[in-house]
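Asks: Provide a 3D model corresponding to the input given below.
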Amino acid sequence: MQDKKILLVEDDFLNRRLTKKVLVENEYIVFEAKNAKEALEIIQKNTIDLAILDINLGENEQDGISFANQIREKYPIPFIFLTAYENSEVIHQAVATSPSSYLTKPFKKVELVTSVEIAIRKTNQLPTQKPTITVKDQDYFVELELDAINYIESEGNYLLFYTNEKTYKLRSTIKQILEILPENTFLQVHRAYIINKNKLDKFNAKSVVVNGVNIPATKNYFES
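Replies: Below you'll find the model as predicted:
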């Protein structure tokens, strides 16, 4: 645990200092940022072992969930959310980013330290971990590797994730999931469909074939 570097992104000065105090008492090195811009500058200049992100980083500022997506795409840094939000929609958006933990304020010191330690140890055990997304397999949440996804279909308030083995489900929207998925791999071809470009077999002006499945395509989204 010694010398592990934590990035704490929290816009509220008092909450930031109280959280830092707990971490420092447990021998973590803490970098402080009050917004995503400051946090990014710290990440670019330092080796960070874990980021603790508040979801609401202030009016007219990039929020913690959006910043978590940015971290996922560019930096191999695990993160946990520390927030006062208990809104179900916000929780679903946060869970979709695959955080190591989600803590609500006010937190207990032991909860914070335990979550941080578990996140760091888990990451150290998985140095070549492939990017994943948290989805539901019936009544359970599971980590689904992005490479395993063939395509995604919108169905009401849910998204269906199709793989070779089975179909997974998540309460989310096309717009929300596009903020998480890497643009170089996934492409929206229709208002209700996103495909994994690596699984694309063939296409024409009206449809695409992904892993043998014919999917409608709209010119507004998909251009040859």
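Asks: For the chain, which element, helix or strand, carries the lowest mean pLDDT?
Replies: helix 88-95 (a mean of 80; mean pLDDT, DSSP states H and E).
Asks: Give the buried residues for that helix.
Replies: 90-95 (16 or more other CB atoms under 10 Å). Using the backbone N, CA and C atoms, a C-beta is placed for each residue, glycine as well.
Asks: Flag every buried residue along stretch 17-32.
Replies: For stretch 17-32, using 16+ other CB under 10 Å, the buried residues are 19-20, 22-23, 26, 28, 30-32.
Asks: If you count residues, where's the longest helix of the protein?
Replies: As assigned by DSSP state H, the longest helix anywhere in the chain is helix 109-125.
Asks: Skipping adjacent residues, who's closest to the residue positioned nearest the centre of the chain in space?
Replies: For the chain, the residue sitting closest to the mean C-alpha position, by CA atoms, centre = their mean, is Thr97 at 1.8 Å. Residue nearest to Thr97 in three dimensions, not counting chain neighbours: Ala68, with 4.5 Å by CB to CB, 6 or more residues apart in numbering.
Asks: Next, that neighbour: secondary structure please.
Replies: helix (DSSP: H, G, I helix; E, B strand; the rest coil).
Asks: got it, and Thr19?
Replies: Applying three-state DSSP: Thr19 is helix.
Asks: now the closest residue to it other than its chain neighbours, which residues is it bridged with?
Replies: Nearest in space to Thr19, with sequence neighbours left out and distances taken as CB to CB, 6+ apart, is Leu8 at 5.9 Å. Here Leu8 shows beta-bridge partners Glu32, Ile52, assigned using DSSP bridges.
Asks: any idea how far Gln44 is from Ala33?
Replies: Relative to Ala33, Gln44 is positioned 12 Å away (CB to CB, to the nearest Å).
Asks: ok, and what's touching stretch 29-48?
Replies: 3-11, 13, 16, 20, 23-24, 51, 57-58, 61-62, 64, 66-67, 70-71, 75, 77 (CB atoms under 8 Å, 6 or more residues apart in numbering).
Asks: swap the cut-off to 7 Å and go again
Replies: The contact list for stretch 29-48 (CB atoms under 7 Å, 6 or more residues apart in numbering) reads 3-11, 16, 20, 23-24, 57-58, 61-62, 67, 75, 77.
Asks: ditto for stretch 108-122
Replies: 1, 4, 6, 19, 22, 26, 49-50, 78, 80, 100-101, 103.
Asks: likewise stretch 185-200?
Replies: Taking CB under 7 Å, 6+ apart as the rule, stretch 185-200 contacts 146, 149-154, 174, 177-178, 208, 210-211, 215-218, 221-222.
Asks: Give me the pLDDT value at Tyr140.
Replies: On pLDDT, Tyr140 comes in at 84.
Asks: 34 is where my numbering starts, stick with that
Replies: Will do, 34 is the new start, and the previous item becomes Tyr173.
Asks: Just give me the neighbour total for it.
Replies: 7 (other CB atoms under 10 Å).
Asks: Same check on the one 4 residues further on?
Replies: Burial of Leu177, expressed as a neighbour count using other CB under 10 Å, amounts to 20.
Asks: do the same with Ser99
Replies: Residues lying near Ser99 (other CB under 10 Å) number 16.
Asks: Could you measure from the residue lying closest to it once chain neighbours are set aside over to Thr137?
Replies: Of all residues not flanking Ser99 in the chain, Glu212 sits nearest, at 6.7 Å (CB to CB, 6+ apart). Here Glu212 is placed at a distance of 22 Å from Thr137 (CB to CB).
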